[in-house]
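> next comes the sequence, and after it the predicted model I'd like to discuss.
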Amino acid sequence: MIQDLVVYLVFITYAISVLMGFGTILTWVERKQSAVMSDRIGANRAYIRLPFTQIKLVWWGLFHGMADGLKLLLKEDFKPKTYDWYAYMVAPWVVFVPVLLVFAVVPFGGVLIPGQLFPGLAGWFGDRAYPMQIANLDAGLLIVFAFGGMTIIGAMLAGWSSANKYSLLGALRAGSQMISYELIMAMTLLGLIFIYGTIDLDEIVRYQSGVVLGFLPAWGVVLQPFAATLFLTAAIAENKRIPFDLPEAESELIAGYFTEYSGMKMGLFMFAEFIEIAIIAALFTTLFLGGYNLPYMSDAGFVFPGGYQVELSHGAVVVIQLVTFLAKVFVMCSFQILIRWTLPRFRWDQVLRFAWKFMFPLALANLIVTVVFVWALG
Amino acid sequence: MSSRKPYVRKQYWNEPTMGWYERAYLPEILRGLAITSTVFLRNMFKWMTGRKGALTTYYPEETRWDYAAGNRGKHVLTRRADGSPQCIACNMCATVCPAKVIEIDAGFDPADAAHPKFPTRFEIDYSRCIFCGLCVEACPEDAIRMLKEVPNLPSYDRSQMWIARQELLDWQPRDDVAKPYPAPPAAPAGRSQP
C-alpha cells in the first residue's frame, strides 16, 4: 500500500512539474518562435548576473519568463467595485485547476514495474506494475470532457463578476464559442471511440501500437485523418487562441472576460491558456499520434511490419516512452504556436457559423462514414 | 421608428470571390502554414549555423551600415600642426547653438602670441544635440567639424552622454575625403596642454 503511495506521489510530482514546465517554457517558445517566423530576434535582453561577478547569463532570453512572473507578482492587485467579489476571486482558479486536472487521466508512459527497474527495491515492490498515469480510469475521455467543460464556468464567472461591459461581452462570446466547439470536439472523437472500442486513454494508446494495412502504424491520424484535423481545430477554438480569439479580442474587447484582472490573477488566466496548449498537445498525442509509443513500439519492444522484432529492456522502454511523449507534446505545442502566428482572426459571426454550419456537419459525416466502415468490416 | 429598413450589405464592384478550393479552408490554411514554417526553418537554419536569421540590428552593439551619405553625427575638434586645439574659445558655436549643448571654458596662454585664448573645457551634451551643424557654420577658425560617424552613446543616464574636449580632439575620422585633417602629431612638442 505504501508502495502505491510512493509511486503515485512520484507520478503526480512528475505530471505537475511537466505541466508547469511546459507552461513556463511555452511563454518563451511562443515569443521566440513567432520572432524567428517573422524575421525578428525576439526576447533577448533579460539576464541573470552571477553574484559578485560581471558574468551575465542571457541564454537566448529564457529568463524573460522569470521577469514576467516577478512583474506579475509585484503589480498592484487591482480590485474592481464589484458586488460579487467572491466569484471574482475564485474565477481564475476555476479556469486554472480543471486544466491541470485533465492531465490526471493522460498516460505519459507505459507500464512501470519498479521492482524490475530498480533491482535494489525488488524486495519491497515485489512484482507490482503501475501504468504511468495518475488516475487509470475507464472513463478517461469522459473525465477529459468533464473537466474541459469546467473552464467555461470560470470564464463566465470572471466576465459576470467583473462588473464591466467588456468583460460581460467577452464572457458571452466565450460561453457560446466554447460550448459550440466542445460539442464538435466530442463529436469528432466519437468515430475514434467506435474504432478503438474504449474510452480508456491507456487502452487507446495500446491499440495504436498495432498496424493497419500491414505496414502503417495504427495511429489515430492514419485511421481518422479527418477527425484529427477537426479535433485540433475545435481544441484550438476551445482554447480561445488566435484564429478564434473572439472572447479576448484586443481590438474590440480590451482583454475580454479578464479585462478587470491584474497581477497574478491575470497571470493565472494566461498560464492556464499556455498549460491548455500543452494539454491539447498531450490529448492529441494520446488520441491521434500513438501516445507515448514510437511507431511499431509496444511495452515489449519494437515489432516491425516485416516480422522483425527488437526486444528492449524495461528501463530502456520506460525512458523511450517518457521522452517520446514529451517530444510529441512539444512538437504539437510548437505546431499550435505556428497556427496562432500564421492565421488571421475570424469575425464573430463567422466563428459560430464555422462551428455549426461547417465543422458540425463534417464531424457528423465523419462519424457516419466511420460507423458504416466499422459495421462493414465487422 | 417601425419604418426602419433591414440592413442590406452593400455590394462592391470588387467583391472578393472564392472558388470551392479557397472555400474549403484547409488547403489555403496549409499553404499559409507552409509559408510561415518555411521562413521559420530558413531562419532557424541560419541561427544554428552561426549567422543572423533576422533583419534586426542589435542597436547598441551594432550600427547600421547604410547611414545616409549626408549624415553628420559626430563633432570633432581639429588641431594645429603642433597638436594644440585649433579652437580659440570664442564661444561663437555655443552662442549659435539652438539646443545650447556646447559648454566652453577659456584659458589664457601668454606664450602663444597668435592664439592666446584656448579652451580648457569643451563639452557637448549629445542627449540634447540636434545635429543641425550650425556650430560648424559659425566657427571662424574651422576648429569644429562634423563627421559621418555617429556618437556611439546609448546609455541609461543622460549624464553619460557628454563628450569632452580630449575625446573630441582624439577622435580619428575613418573616412573623410573632402578635407584632409591635420595628422595627429607624433609627439606633442611645444607647450604642454593643460
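Received it, and whenever you're ready, just let me know what you need. Numbers count the residues shown, from 1 in each chain, chains lettered A, B, ... in the order given.
> could you pull up phi and psi at residue B:27?
Recorded main-chain torsions at residue B:27 are phi -60, psi -40, according to degrees, to the nearest 10.
> wait, it sits on residue B:21?
Yes. Using CB atoms under 8 Å, residue B:27 is in contact with residue B:21, at 6.1 Å. (Each C-beta comes from the backbone N, C-alpha and C, glycine too.)
> where does residue B:64 land in three-state SS?
Classification of residue B:64 by DSSP: H, G, I helix; E, B strand; the rest coil places it in coil.
> so what's it up against?
By CB atoms under 8 Å, 6 or more residues apart in numbering or on different chains, the residues touching residue B:64 are residue B:57.
> ok, it to residue B:71 distance?
Remark: distance between residue B:64 and residue B:71 (CB to CB, to the nearest Å) = 10 Å.
> same check, this time on residue A:316
For residue A:316, the distance to residue B:71 - CB to CB - is 64 Å.
> more crowded one of the two?
residue B:71 (14 against 11; other CB atoms under 10 Å in any protein chain shown).
> chain center to the helix or strand bottoming out on mean pLDDT in chain B, what's the gap?
Lowest on mean pLDDT, DSSP states H and E among the helices and strands of chain B sits helix B:165-170, with a mean of 76. Relative to the chain's own centre, helix B:165-170 is displaced by 18 Å; criterion: CA atoms, centre = their mean, to the nearest Å.
> then that helix to PDB, C-alphas only?
C-alpha atoms of helix B:165-170 as PDB (Å, rounded to 0.1, in the frame of the first residue of the first chain):
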ATOM      1  CA  ARG B 165      37.400  68.100 -25.000                       C
ATOM      2  CA  GLN B 166      40.000  65.400 -25.200                       C
ATOM      3  CA  GLU B 167      37.700  62.900 -26.800                       C
ATOM      4  CA  LEU B 168      36.700  65.500 -29.400                       C
ATOM      5  CA  LEU B 169      40.400  66.100 -30.100                       C
ATOM      6  CA  ASP B 170      41.400  62.500 -30.200                       C
END
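> so which elements touch that helix?
strand B:74-77, strand B:117-125 (3 or more CB pairs under 8 Å, 6 or more residues apart in numbering or on different chains; DSSP states H and E).
> hey, least reliable of those strands by pLDDT?
The stretch with the lowest mean pLDDT among the helices and strands packed on helix B:165-170 is strand B:74-77, at a mean of 84.
> what's the following helix or strand after it?
helix B:92-96 (DSSP states H and E).
> now do the buried residues in that following helix.
Under the neighbour-count criterion of 16 or more other CB atoms under 10 Å in any protein chain shown, helix B:92-96 has B:92-94 buried.
> from the contact counts, what lies against that helix?
strand B:102-108, helix B:134-138.
> which of these sits most buried?
helix B:134-138 (a mean of 17; mean count of other CB atoms under 10 Å in any protein chain shown).
> separation between residue A:203 and residue A:287?
12 Å.
> tell me which of the two has more neighbours.
residue A:287 (28 against 16).
> does the more buried one touch residue A:192 like I think?
Yes. Taking CB under 8 Å as the definition, residue A:287 is a contact partner of residue A:192 at 6.2 Å.
> quick one on the thing from earlier: which other residues reach the least confident helix or strand of chain B?
In contact with helix B:165-170 (CB under 8 Å, 6+ apart) are residues B:75-77, B:79, B:85, B:119-124, B:184.
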